[in-house]
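[1] coordinates only, sequence not included:
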């Protein structure tokens, strides 16, 4: 994988923390190679049920807390951030055409050569699937000679059966710090999960336990003309 | 938020009676319930900024958690499983029920002004 061959990477996910769980290591590898990365983050995760462990957020304070966490994670990953202002859990009810046009404008203006998003239908959360579908549609609307590459994150239980294994796999064995720091920036969302990971693992510490779970970032490189979404 | 104190919360509930209020009511078991357990169901609902005037309201304790019922002219608002509360500087009464891991399962919130978007 020649990360430096790319001009600009645009990451399109709906929630603060999707970028850290799904692609932080990959993002940091592009940044190390000098490639700018921009995150189009759909919502502020306003309706998340994780409030910290022990909880320190509530339904009304959560958006501002997650906004700060998102900004902190983007600082860790040294990437640009655009917050799109949709509301958590409502992406699938927004007009896909309008979202696709909006994403397309960003992709074209940033001269992106790679778009990373969720694989619609294989990303479990309705917001993931809807955001991915709009991102696929945005890429499809770009003339094929100018079209960026498209990498999609999928983690539904039927993923391997329906799609096979991811064809882009990034190993973070030698660069896991950034990934873990980015995840930990999302304190309200990650604290409980990380301590549970450690409790359910034979690893000696949080770093090792997280590495067991998050060492590889897998993507499906997709030709948008070949898929239904 | 802190553990619900029945008398204090009842006082706030009384304070909002017979005046127009905005209500946020929600329950969720998360977006991943059936992902992690194929026998589970994803269930959730929320309504944000329902505007109403209730004429009576009561909080009741049951084995360490609480139920609230608010009666208005043409119906009821109901929530079960509430454990924690906060009364904010902007005069909002926030009630929520959390599981052992601190995750929100149910919320009922009452405010004299609309909740932010």
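    Right, received. Where do you want to start? Note that the coordinates shown come from a computational prediction; the quantities given were computed from them, not determined experimentally.
[2] Distance check, the residue in chain A positioned nearest to chain B against residue B:104.
    In chain A, no residue comes nearer to chain B than residue A:55, which is 3.8 Å away by C-beta to the nearest C-beta. (Glycine included, C-beta is placed from N, CA and C.) Distance of residue A:55 to residue B:104, computed by C-beta to C-beta, to the nearest Å: 8 Å.
[3] Which positions in stretch A:42-59 come out as buried?
    For stretch A:42-59, the neighbour count (16 or more other C-beta atoms under 10 Å in any protein chain shown) marks A:42-53, A:55, A:57-59 as buried.
[4] Near chain B, which residues of chain A? Just list them.
    Residues of chain A lying close to chain B by C-beta under 8 Å from any C-beta of the partner chain are A:47, A:49-55, A:58-60, A:63, A:87, A:89, A:124-127, A:156-157, A:192, A:196.
[5] Where do the helices of chain A begin and end?
    Ranges of helices within chain A are A:18-32, A:62-77, A:96-109, A:126-140, A:159-163, A:176-185, A:187-199, A:206-214, based on DSSP state H.
[6] What helices and strands are in contact with the fourth one?
    In this structure, helix A:126-140 makes packing contacts with strand A:9-13, helix A:96-109, strand A:114-118, strand A:149-153, judged by 3 or more C-beta pairs under 8 Å, 6 or more residues apart in numbering or on different chains; DSSP states H and E.
[7] Let me have those in TSV, extended by mean neighbour count.
    Below are those laid out as TSV (neighbours: other C-beta atoms under 10 Å in any protein chain shown):
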stretch	mean neighbour count
strand A:9-13	28
helix A:96-109	17
strand A:114-118	27
strand A:149-153	23
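[8] Dump these into CSV; add mean pLDDT as well.
    Formatted as CSV, these follow (pLDDT from 0 to 100):
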stretch, mean pLDDT
strand A:9-13, 98
helix A:96-109, 98
strand A:114-118, 98
strand A:149-153, 98
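[9] Tell me which residue of chain B lies closest to chain A.
    residue B:102 (3.8 Å).
[10] Tell me which residues touch residue 104, please.
    In the absence of a named chain, this looks at chain A. For residue A:104, the contact set (C-beta atoms under 8 Å, 6 or more residues apart in numbering or on different chains) comprises A:138-139, A:141-142.
[11] my bad, chain B
    For residue B:104, the contact set (C-beta under 8 Å, 6+ apart) comprises A:49-51, A:55, A:59, B:26, B:28, B:96-98.
[12] give me the element it is part of.
    Assigned by DSSP states H and E, residue B:104 falls within strand B:104-111.
[13] where's that strand relative to the chain centroid, distance-wise?
    3 Å (C-alpha atoms, centre = their mean, to the nearest Å).
[14] what does stretch A:106-113 give?
    Using C-alpha atoms, centre = their mean, the offset of stretch A:106-113 from its chain centre is 17 Å.
[15] Look up how far residue A:20 lies from residue A:127.
    From residue A:127 to residue A:20 the distance is 16 Å (C-beta to C-beta).
[16] of the two, who's got more company?
    residue A:20 (29 against 26; other C-beta atoms under 10 Å in any protein chain shown).
[17] What number of residues are in the vicinity of the closest residue to that one other than its chain neighbours?
    Spatially, and ignoring its direct neighbours in sequence, residue A:20 is nearest to residue A:182 (4.0 Å; C-beta to C-beta, 6 or more residues apart in numbering or on different chains). Residues near residue A:182, counting by other C-beta under 10 Å, number 26.
[18] Residue A:182 contacts residue A:75, doesn't it?
    No: the criterion here is C-beta atoms under 8 Å, and residue A:182 misses it with residue A:75 at 9.4 Å.
[19] show me what contacts residue B:16?
    Counted by C-beta under 8 Å, 6+ apart, residue B:16 has contacts B:54, B:57, B:93, B:110, B:112.
[20] hmm, what's the outermost residue in chain B?
    residue B:38 (28.6 Å; C-alpha atoms, centre = their mean).
[21] What parts of chain B come near chain A?
    So far as C-beta under 8 Å from any C-beta goes, chain B lies against chain A at B:1, B:24, B:26, B:28, B:30-32, B:35, B:38, B:44, B:46, B:86, B:88, B:92, B:94, B:96, B:98, B:101-105, B:107, B:109, B:115-117.
[22] longest helix in chain B, by residue count?
    Chain B, longest helix under DSSP H: helix B:6-15.
[23] what sits up against the helix or strand following that one?
    Going down the chain from helix B:6-15, the next helix or strand is strand B:21-28, by DSSP H and E. With contacts defined as C-beta under 8 Å, 6+ apart, strand B:21-28 is touched by A:47, A:49, A:59, B:43-54, B:70, B:77, B:79, B:104-115.
[24] quick one on the thing from earlier: find me whatever residue is spatially closest to the residue farthest from the centre of chain B, sequence neighbours aside.
    In space, residue B:38 comes closest to residue A:157 once its chain neighbours are excluded; the distance is 7.4 Å by C-beta to C-beta, 6+ apart.
[25] tell me the phi and psi of the one you found?
    When read as degrees, to the nearest 10, the backbone of residue A:157 gives phi -60, psi -20.
[26] Just the pLDDT for it.
    As predicted, residue A:157 sits at a pLDDT of 95.
[27] so how many other residues sit close to it?
    Residue A:157, neighbours per other C-beta under 10 Å, totals 12.
[28] Then residue B:63?
    5.
[29] cool, residue A:186 as well?
    26.
[30] contacting residues for the residue lying closest to residue A:75 once chain neighbours are set aside?
    Nearest non-adjacent residue to residue A:75, counting by C-beta to C-beta, 6+ apart: residue A:185, 7.9 Å away. Residue A:185 is in contact with A:20, A:69-70, A:72-73, A:75-76, counting by C-beta under 8 Å, 6+ apart.
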